[in-house]
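# Below is the sequence, then the predicted model.
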Amino acid sequence: MDKQDQLQMIKEDFINCQKVLLAIGDETRQSILLVLLGTDCQTGLRVGEITEQTHLSRPAVSHHLKILREAGVILMRKEGTKNYYYINVRTELGLLSKLVLDIDKYMQDFY
């Protein structure tokens with residue numbers, strides 16, 4: 001694959017990652033993600049538990065969870081009337097790995 005093809009692939013990677021990059025670029029959402037990363041990925045946490053650990057208001061946590069869900073970074077599981085939030089490690093965040101790997105591969109020729 002020549003350099004132009006590699007650059008085109010990186011451009012497509014950036015386009016595919018836009019929602020994820022915007023969602024995780026916010027400091028508040030990063031703190032929520034760190035809390036979620038510190039839990040069992042399959043169990044997840046409820047809004048109240050995230051609120052306690054981040055010291056954010058419940059409406060703020062709900063707002064940021066919505067953005068993270070829309071970007072595909074986290075998922076929600078319902079149990080009766082309870083909602084549990086957890087990291088979606090297998091899909092959208094995987095796009096970031098591809099972006100970084102493609103950039104690294106491109107840059108190897110410059111080292």
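Everything's here; your move.

# what number of residues lie near the residue lying closest to D26 once chain neighbours are set aside?
Nearest non-adjacent residue to D26, counting by CB to CB, 6 or more residues apart in numbering: H64, 7.2 Å away. Quick note: C-beta positions are derived from backbone N, CA and C, even for glycine. If you count neighbours by other CB atoms under 10 Å, H64 ends up with 22.

# Identify each buried residue in the strand or helix carrying H64, please.
With secondary structure defined by DSSP states H and E, H64 is part of helix 58-70. Across helix 58-70, burial judged by 16 or more other CB atoms under 10 Å covers 61, 64-65, 67-68.

# residues contacting the residue sitting nearest the centre point of the chain?
Central residue of the chain (CA atoms, centre = their mean): V73, 3.5 Å from the mean position. Taking CB atoms under 8 Å, 6 or more residues apart in numbering, we find V73 in contact with 20, 23-24, 33, 87-88, 92-93.

# do that again at 7 Å, thanks
20, 23-24, 88, 92-93 (CB atoms under 7 Å, 6 or more residues apart in numbering).
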